[in-house]
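Undergrad: output the structure for:
(chains A and B)
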Amino acid sequence: MASKVEAGATAPRESVERFQKDLAAVRSEVGRVIVGHQGIVDGVLTCLLAGGHALLEGVPGLGKTMLVRTLGRALDLQFSRVQFTPDLMPSDILGTQVIAEDERGGKRFEFQRGPIFANLVLADEINRATPKTQSALLEAMQEQSVTIARKTYSLDQPFFVLATQNPLEMEGTYPLPEAQLDRFLFKLQVPFPKREELHSILDRTTGAVEADVKPVLDRARILELRALTREVPVARSVQDYAIRLVLATHPDEEGATASVKRYVRFGASPRGAQAILLAAKIRAVMDGRFSASADDVRGAVMPSLRHRMILNFEGEAEGVKPDAVLEEILASIKPGT
Amino acid sequence: MPDAAPDLAILAVAARRVRWHRALHAAASVSVLALAASVALVLLTRLHVLRVQHPLALALSPLALPLLGALLNALRPVRPLDAARRLDAHHRLHDRLGIAWQFRQRPPGERTPFMQAAIDDAAAHARSVDVRAALPWQLPPELRMVAVLAALLVLVARVPVPSLAPARPARRSPPVVTRDAAELSDDDLAAFREAARQVEAQARTEGARRGVEEFNRLLDDLAHRRLDRDEAFRRLAALQESLAAQDAAAGRRVSEALRTLGDEMNPRDAATRRLAEAMRQGDAGAAAQAMREMSQTLRQGPITAQQRQQMSQALQRAAEARPDTEELRRQVDQARREVEEMLRRQRERALGPQEESLLRRRQREAERLTGEQQRREEQRREAEHLQREIAQAAQDLARDLQAAGADLERGAEELSRMHDEQQSQRSTEELRQQLEQLRELMRQQRGQGGQRQRARLQQFSRSAGGQQGQQGQQGQQGQQGQQGQPGQQGGQQGGQGNGPPQGVALVPGGSGGVPLPLPGQSPGQQGRGGQPGQQGQEPGGGAGVHHDENLRGAAIDPLGRTQAVQVQGQQTGNGPSRSQVIRTAAGSGFASRPYREVYSPYWDRAREVLHQGEVPPGFRSYVRRYFQLIRPREN
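TA: Reported below is the predicted structural model:
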């Protein structure tokens, strides 16, 4: 309960100011390497502070892996990367029992930890692994622990998984099931950099000097920040707005829009509402405020819900994007009505 | 932990402002509806479609609605949260004020440090909030429509509009063309409608008014050709029956009763002279007026003792006047005894033809006398109330002038009631005549139409109106007239053909082709008509009593294509009847008096003649028709 103590001991105003300062430092360090993508960086940080995991979707070469690696360096966290391939096995991620020989020549099984035993795990191209392997990762993400040979190993906190997937090359892939997509707090779509950003990328990556990223947040501080965000209150009207937005994604609910009724098979789960509120709180604190507003909720809707809505056949056939449906919902559902 | 309530007081200010905004917009919205309603009401009132006692008040009453709407919206509370949202949105405060207001609703003990920090933060931001900028006064968009409607209201209220009232029946009943529809020309319809208006103006009783309404409906149906001939005749018969059911003799009884009273009063007595004269003339209206004046004289004075005495005696005589029924009763008794004696003889033995004839005459005489007795009895009852008041006045005159005046006032009211009865009886009688006229017109209508006849009518009407007619149009159609109608027993009847214009020329009398008896030569024309018609070489033995009510025979063919029938008149010694021809306007020179002034005395005189029975019943409709055709028109 360090966070409670910290929040109680320090006035909220100072806590929030320190939060902003720390986040600004992280952004600054990441910005040394990563050009643009401020929204993606903030989204990833939001997931980290909310205790969730992020799914990054984008074509290859946009710097997803670089972003995660840089973040790991700036946060001073243990970083591991797993390149998902069809022949990847669960044990390749979780670890396995191996026969080890001690000094006296005795042999025994010893658990060899897999790459998941890190604070920051990059699951690159997660949709290329088989469902069995994906499940192993996703179960660890949910349980925050790994059980091997009847023995449970807790994962160190903070435990944060960043998964990436390529939306174009779908052949030979295993798309994540809806239930497993729900485990990700955010699904962030990495856009192609703009012209000016490309200039900067080329300048930084083709020169002789390589940017040096220093760690600015340690593990303990991250946990403090996590606790701090949980202290942020949410007014009833704001919470009600988030609930109405989530309900509006369900075709059978009263506030459902025409697109939802036509293209959506299932709406977002309660996890979606949790994700929205947590993200709204973090956005409020990032902005120096003491409570989440309706604007914060609106800002969190897209990354929180886009992977939680299941389109029906007509929606899939017509290539409807969940973002378009959500935009319509945001346009029709107003706060305070 | 300081409470930031004073800083959030701005929410109350904003809520008040929101309330006033809402009131203004509600007033504007309701004004649109209210003004539209007012415009409609004023328009309907001005078009006489809507008849109300206070049209202005009715038209302006919807204008109270905007005030009501504004008041309700001004009084309806506004949640501070709603006002806070408006301020937050305008100043981009990320719901700071709204959230702080919600947190402040919690008890202080339940507030977390972050909640209190949020409240403090909102209070700090509230200091820079400009309520006026966040909630600026905006004119409601409906104001433009309000202005347009207000201008329209003024326009509708001021600009003269034609009355649509007469068009209402037409709108109520879409025109339906009926096969074999009874048809009347617009001119005829206008004449009947004008007559109906006059009758309506005189009608005092509900029965008379209902009769006029039904008559108007019948005219409307005829105008729109909604009735075939059978239906038209059926409606006519029904209306005539309903009029006949009314007490047609009531007015006459009133007149006779008044005459009885007037005869008893001294015509030389100055105080009661006017009353006596009015009563002798049977004019209940004038009598009521005279009696009111007497009441006024008694109440206001001065009046001498001699005048009082004379007045008292005159009134006493009037109060005691009774129709002479004693002699009549004796005659009735005798007639009944004779009839009973003859009937007794008839039972004993068969009577000879002369005795049978005598018996029938005696029976008729007894019936007549009994009817007369009943009539006088009713006449006595008719004046009973009036005489009671007059007797009371005569008694009160001796001791209390005010009481006597009140008695006379009540008597005047009774006379007014009798006057209404007279008027209604007259109007009913007039209506009955109009119905008879309409029946005759329709009866004679069949097969008589045609452009030629219509042209003839127009020519005739022009001549009647004092214009120079065309030569000989009327006279050429002179034919051997037909003397008498079915039911008449007099005169000779000539053959058919285009012979010299002797007797009565038959001229179509309307667009529907109704024949009209005219002299052989149209006055003021140089035609070949020759001399005026001649009729009644051998006077008939008295006129028949009307024709059958349901008579619908074909009209007289003006071209004479009728079967000649020889009828032998009977010499009864009751004749002769003289024909009276009212000529149209002078053939030369300009009219020096308006035609309307000329027409009225002629028509009054003709009515008098008709009433006196000097014109055979079968011809009376022609006389009425003639005057109907030559009546002065509005244009």
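Undergrad: could you look up the SS state of A:Gly255?
TA: Under DSSP: H, G, I helix; E, B strand; the rest coil, A:Gly255 falls in the coil class.
Undergrad: nearest residue to it in space, please, no chain neighbours.
TA: Leaving aside its sequence neighbours, A:Gly255 sits nearest to A:Ala248 (CB to CB, 6 or more residues apart in numbering or on different chains; 4.2 Å). Heads up, the C-betas are built off the backbone N, CA and C, glycines and all.
Undergrad: over to B:Leu227?
TA: For B:Leu227, the closest residue by CB to CB, 6+ apart turns out to be B:Asp221, at 4.9 Å.
Undergrad: and that neighbour, what's its pLDDT?
TA: pLDDT, the model's per-residue confidence, is 85 for B:Asp221.
Undergrad: quick one: the helices in the stretch 151-300 of chain B, in order.
TA: B:168-172, B:186-202, B:206-223, B:229-245, B:250-264, B:273-280, B:284-300 (DSSP state H, counting those that start in this stretch).
Undergrad: any idea of the mean pLDDT in the last one?
TA: Per-residue pLDDT over helix B:284-300 has a mean of 82.
Undergrad: tilt between the helix or strand just after that helix and helix B:250-264?
TA: Using DSSP states H and E, the helix or strand that follows helix B:284-300 in sequence is helix B:305-320. Relative orientation of helix B:305-320 versus helix B:250-264 (axes from the mean of the first three to the mean of the last three CA atoms, to 10 degrees): 140 degrees.
Undergrad: poorly predicted segments of the stretch 201-337 of chain A, please.
TA: A:337 (pLDDT under 70).
Undergrad: strands along that one, start to end?
TA: A:264-266, A:310-311 (DSSP state E, counting those that start in this stretch).
Undergrad: so which of these comes closest to B:Gln363?
TA: Comparison of the strands of the stretch 201-337 of chain A against B:Gln363 by CB to CB identifies strand A:264-266 as nearest, at 105.8 Å.
Undergrad: who's in contact with the closest one?
TA: Among residues not part of strand A:264-266, those counted as contacts by CB atoms under 8 Å, 6 or more residues apart in numbering or on different chains are A:178, A:249-251, A:256, A:309-312, A:315, A:325.
Undergrad: just checking, which of the residues you listed belong to helices?
TA: Using DSSP state H, the members of those that fall in helices are A:178, A:315, A:325.
Undergrad: report the contact partners of the residue nearest to A:Gly255.
TA: Under the criterion of CB under 8 Å, 6+ apart, the contact partners of A:Ala248 comprise A:255-257, A:260, A:267, A:329, A:332-333.
Undergrad: same question, A:Gly72
TA: A:Gly72 makes contact with A:78-79, A:119-120 under the criterion CB under 8 Å, 6+ apart.
Undergrad: hmm, which of those are the buried ones?
TA: Burial by neighbour count, 16 or more other CB atoms under 10 Å in any protein chain shown: within the contacts of A:Gly72 this picks out A:79, A:119-120.
Undergrad: give me the mean pLDDT for whatever helix or strand A:Ile93 lives in.
TA: The secondary structure element spanning A:Ile93 is helix A:90-94 (assigned by DSSP H and E). pLDDT averaged over helix A:90-94 equals 87, rounded to a whole number.
Undergrad: adding distance to chain B, write the contacts of A:Gly72 out as TSV.
TA: Converted to TSV, those look like this (distance: CB to the nearest CB, whole Å):
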residue	distance to chain B
A:Gln78	32
A:Phe79	33
A:Asn119	28
A:Leu120	29
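Undergrad: show residues contacting stretch A:165-183.
TA: Against stretch A:165-183 from outside (CB under 8 Å, 6+ apart): A:53, A:55-60, A:86, A:125-131, A:134-135, A:138, A:141-142, A:187, A:266, A:269, A:271, A:307-308, A:310.
Undergrad: which of those residues are buried?
TA: So, of those, A:53, A:55-58, A:125-130, A:134-135, A:138, A:141, A:187, A:269, A:271, A:307-308, A:310 end up buried under the neighbour-count rule (16+ other CB under 10 Å).
Undergrad: okay, and which of those residues map to helices?
TA: Taking DSSP H as the definition of helices, the buried ones among the contacts of stretch A:165-183 contribute A:134-135, A:138, A:141, A:271.
Undergrad: chain B: which of those is nearest?
TA: Proximity of these to chain B (CB to the nearest CB) peaks at A:Arg271, which lies at 24.1 Å.
Undergrad: how much space between the residue lying closest to that closest one once chain neighbours are set aside and A:Leu305?
TA: Spatial nearest neighbour of A:Arg271, excluding adjacent residues (CB to CB, 6+ apart): A:Asp182 at 5.5 Å. A:Asp182 sits at a distance of 11 Å from A:Leu305 (criterion: CB to CB, to the nearest Å).
Undergrad: lovely, talk soon.
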